[in-house]
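Trainee: have a look at this prediction, sequence included:
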Amino acid sequence: MPPVLAWGFAAPWLLWGLLLAVAPPIIHWLFRRRYRDTPWAAMQFLAAAAKRQTRWQRLDQWLLLAVRMLIPLAAAVALAGPTWQLATGGGPSTAPVQRVLVADASLSLSAVENGRSRLTATKDRALALTGTARPGDAWQLVRMAASPPRAVISHPALQVGPVNEELQNLAPTSEPAEPLAALDTVLSLLGQDRGGFRREVHLLTDGQRSSWRPDDEPQRARLQSLLQAIGAQARIVWEDVSSGPLDNTAVVDLTLDRSYVQVGQPIRATATIRRFGQPPEQPRTLEWRVDGRLVARQAVDLSQEETATQTLPYVPASAGDVRIEAALDPDVLTADDRRGAVCLVRTAVRVLLVDGRPSGVPFENATDALKLALAPAAGATATAGETSGIEPTVISDGELLGTELSRFDVVFLCDVPLLTSRDAEVLKQYVHAGGGLVIAVGPRLNIDSYHAQLYEQGEGLLPARLGEIVGDAAQRETSFGFDGREFSHPILQPFRGNPNTGFELTRTFAFRKAVPVADRATVPLSFDTGDPAIVEGAYGRGRVLLLTTALDRSWGTWAVWGHTFVPMMHETVRYLVAFRSRERTLLVRQPVRFRLEARLAGTTWSVRLPSDERVPLPPPSDAAAGLLYEDTAEPGFYGIEAPGSANGTAWFAVNVDPRESDLRPLSATELRDGLFGGKEYDTDADRAEIAEDAALLADDAAGLSRWLLGVVLLFLVCEPFLAWNRLLSAGVALGLAGCALAGWLAGPWGAIAAAAIGALVVAGMWYRPVLAPRQ
């Protein structure tokens, strides 16, 4: 197909100036000469003589009108910036460009390479792009990081000043890149109607493999589809700001064998160190700090293996939150060289037992066996919880509303027959804020009440729908045992690898059938019939365990044979408290949440940042909602000051995402075939070549504008002379053209000499009748 010349304008709105071309004809028409017929002999002779000049006079008038109309026409076209493109299948164009700059600001861009960070290289590359801006170009800026704002400049900017300012203010983050969210933002920006623009999307990134090639296959497919959708609307330019892979070593994990312990119990912290790239020349040094104090220093040898682990045993001497940190000596990426964890150390765990079957006879109620299992020393010479570390408090179901649940770590509902809507609301608030709840059925439990208040069609607190009672506890002719084939859940940890504990000998004579909620509930323990014995579900930030048999001797021997019942109840409490303590270890940008006791709800709180600065927190409107602090942009320890609390400051460890530690970029094959799916895209080298060709075309377009403005200047100079004398106007026009030609050929002095000669010639021609001798 032969090339087609496509025209356009950089500022098409200036073409409204073409309407000014109608002004000269209107003025001519309004001020035209009006003729009157006057019978006079002398005028008849004069009219006969003037007929010979009429043709030249009309030509002068039409020529003058044309010049006056061409002045606004040429000026409007020149100021609108004419552009053109030969439509031959992708050549350079002089049309204005809408460029969307996607700047990677993730943690990996903080890596130091050749003496400067990759983020600095990103800024320099972006500033070099804005330096090529031409009149009419539009700019948008998208920040690629996990947190907003992502569209830094959403409305196209026609001036590069604000764009450069935002680029200079672009700060590094400790977050992952999240390219899916950034590309979604780009697609929405391209969806805005911007007629007359060529579109380019520049991805300024280090091409980190872990970000651009996620392990999740649906995410990879989504990345490909987004890039294809963007490529259908704009030209994509991959701007690699890295010079290749960098060797890096990071603390990728820090775990505690127990995230909750009592005073005097040992903690074992395990740090996982991994190298990405070549082995370091010297062993790395790992420092352990507890509550900010250096307690150990260990050498880490990564010359043979990519991964190494180091452990630290520690015994807390007092109650409170213990901060444990493992830190390597700095390398190219310092933010991932340290990692923290928090262990909750308590003198005792406070457990609330709600008795739904009170009785004055020992062990005839629903809680006596459970209380004895949790605190064997209760009632003896030792104080409650001295040996077990658990302090149980027993109330009746009628006292539930009058009890402040936030004071307790775990709540047991033991055969509570009925629940009111207010009871259900209090329990939901408690669990949603992070509490642990155990619901144990029994002979008095009314399933209709539980379904109405807690099940809520599978969306409520109850993790399963309760059914009929299986077995007969009165006759005890049929018994059921626990299925001992699977001990993967932490509650069953004491029986793992211990076949002679008597776990399979526990007999249950009655239980309620339960149907777990799909996708919301799991079954840690079943009966030998396959029916669930324990159902676990999440609700808000808390956890709920549903036990389908009784926690007393009314339905079986479980509560009587302590060798099974006691360790399971202790592990249940430990699991729910430990699950709650997991909220103390977070990733960057995950919010800090702290559950309040009602008596402290009106107190002014503050958060201590990793920099040791304190930021006040407004009192929460609802104590059940707790405190919330969301600005966890920097890794480190954040402390919620708890005035009046016996446990002092509540600490939270905020760590970076370990995915950012792998600085390997995508290979050329992964980029072409994996990310772009074989579709067309440009690199920074292609962009430079195209930009050079476009610059040459833009110079031609700018030259056309300059020539049009020169024509306007020529007409403005010649118009007065044309209105006065046609020959003089032609001489002036020729003189100006000669000056321009002489200036182009011989420089400024040639133009001055030509102007002087032209002026003498015109003066000689004009004043020749004056200087001629009289006859």
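Mentor: Right, received. Where do you want to start?
Trainee: now do the SS call for the spatially most central residue of the chain.
Mentor: With the centre of the chain defined as its mean C-alpha position, the nearest residue by C-alpha atoms, centre = their mean is residue 146, 2.6 Å away. For residue 146, the assignment made with DSSP: H, G, I helix; E, B strand; the rest coil gives coil.
Trainee: can you give me the strands in the stretch 101-250 of the chain?
Mentor: 112-113, 116-117, 138-144, 151-157, 198-205, 235-240, 248-256 (DSSP state E, counting those that start in this stretch).
Trainee: domain parsing for this structure?
Mentor: Here the domain parsing of the chain from automatic domain parsing is 97-236+663-680, 248-346, 349-583, 588-655, 725-775.
Trainee: wait, doesn't residue 327 sit right on residue 338?
Mentor: Yes. At 3.8 Å, residue 327 and residue 338 qualify as touching, with contact defined as C-beta atoms under 8 Å. Every residue, glycine included, has its C-beta placed from N, CA and C.
Trainee: so for these two, which sits in the more crowded spot?
Mentor: The residue with more neighbours, out of residue 327 and residue 338, is residue 338; 22 against 18, by other C-beta atoms under 10 Å.
Trainee: thinking again about what came up before, looking at the domains of the chain, which is nearest to residue 69?
Mentor: Nearest to residue 69 among those is domain 725-775 (16.1 Å), distances taken as C-beta to C-beta.
Trainee: all helices for the stretch 501-650 of the chain, in order.
Mentor: Secondary structure of the stretch 501-650 of the chain by DSSP state H, counting those that start in this stretch: the helices cover 562-581.
Trainee: from residue 557, how far off is residue 514?
Mentor: Using C-beta to C-beta, to the nearest Å, residue 514 is found at 21 Å from residue 557.
Trainee: looking at those two, which is more packed in?
Mentor: Applying other C-beta under 10 Å to residue 514 and residue 557 shows that residue 514 carries more neighbours, namely 23 against 16.
Trainee: what distance do you get for the nearest residue to the more buried one once chain neighbours are set aside to residue 400?
Mentor: Nearest residue to residue 514, sequence neighbours excluded (C-beta to C-beta, 6 or more residues apart in numbering): residue 464, at 4.0 Å. Per C-beta to C-beta, residue 464 is found 22 Å from residue 400.
Trainee: who has more neighbours out of those two?
Mentor: Using other C-beta under 10 Å as the criterion, residue 464 and residue 400 rank with residue 464 on top: 24 against 21.
Trainee: quick one, what contacts that one?
Mentor: By C-beta atoms under 8 Å, 6 or more residues apart in numbering, the contact set of residue 464 is 514-517, 521, 532, 535, 537, 546.
Trainee: mind picking the two most distant members of those?
Mentor: Using C-beta to C-beta, the contacts of residue 464 span at most 12.4 Å, a distance reached by 515 and 537.
Trainee: which of those two has more neighbours?
Mentor: Neighbour count, other C-beta under 10 Å: between residue 515 and residue 537, residue 537 has more, with 22 against 14.
Trainee: pairing partners for the more buried one in the sheet, please.
Mentor: For residue 537, the residues forming beta bridges with it (DSSP bridges) are residue 521, residue 544.
Trainee: now mean pLDDT, mean neighbour count and distance to residue 262 too, for the strands of the stretch 101-250 of the chain, in a markdown table please.
Mentor: Converted to a markdown table, these look like this (pLDDT from 0 to 100; neighbours: other C-beta atoms under 10 Å; distance: least, C-beta to C-beta, whole Å):
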| stretch | mean pLDDT | mean neighbour count | distance to residue 262 |
| --- | --- | --- | --- |
| strand 112-113 | 89 | 16 | 45 |
| strand 116-117 | 92 | 14 | 46 |
| strand 138-144 | 95 | 24 | 46 |
| strand 151-157 | 93 | 16 | 50 |
| strand 198-205 | 93 | 23 | 49 |
| strand 235-240 | 93 | 22 | 54 |
| strand 248-256 | 95 | 21 | 14 |
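Trainee: residue 627 against residue 605, yeah?
Mentor: Yes. Counting by C-beta under 8 Å, residue 627 touches residue 605, with 5.8 Å between them.
Trainee: so what sits against both of these two?
Mentor: Shared contacts of residue 627 and residue 605, counting by C-beta under 8 Å, 6+ apart, come down to 617, 640.
Trainee: can you classify residue 427 by secondary structure?
Mentor: helix.
Trainee: so can I have a markdown table of the strands of the stretch 101-250 of the chain showing distance to residue 331?
Mentor: Shown next, in a markdown table, are those (distance: least, C-beta to C-beta, whole Å):
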| stretch | distance to residue 331 |
| --- | --- |
| strand 112-113 | 9 |
| strand 116-117 | 13 |
| strand 138-144 | 24 |
| strand 151-157 | 30 |
| strand 198-205 | 21 |
| strand 235-240 | 22 |
| strand 248-256 | 6 |
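Trainee: in stretch 206-217, what counts as buried?
Mentor: Neighbour-count burial for stretch 206-217, counted by 16 or more other C-beta atoms under 10 Å, picks out 206-214.
Trainee: now, those that are in helices?
Mentor: Among the buried residues of stretch 206-217, the members found in helices (DSSP state H) are 209-212.
Trainee: sorry, back to before: next up, phi/psi of the residue nearest to residue 514, please.
Mentor: The phi/psi pair for residue 464 (degrees, to the nearest 10) reads phi -150, psi 160.
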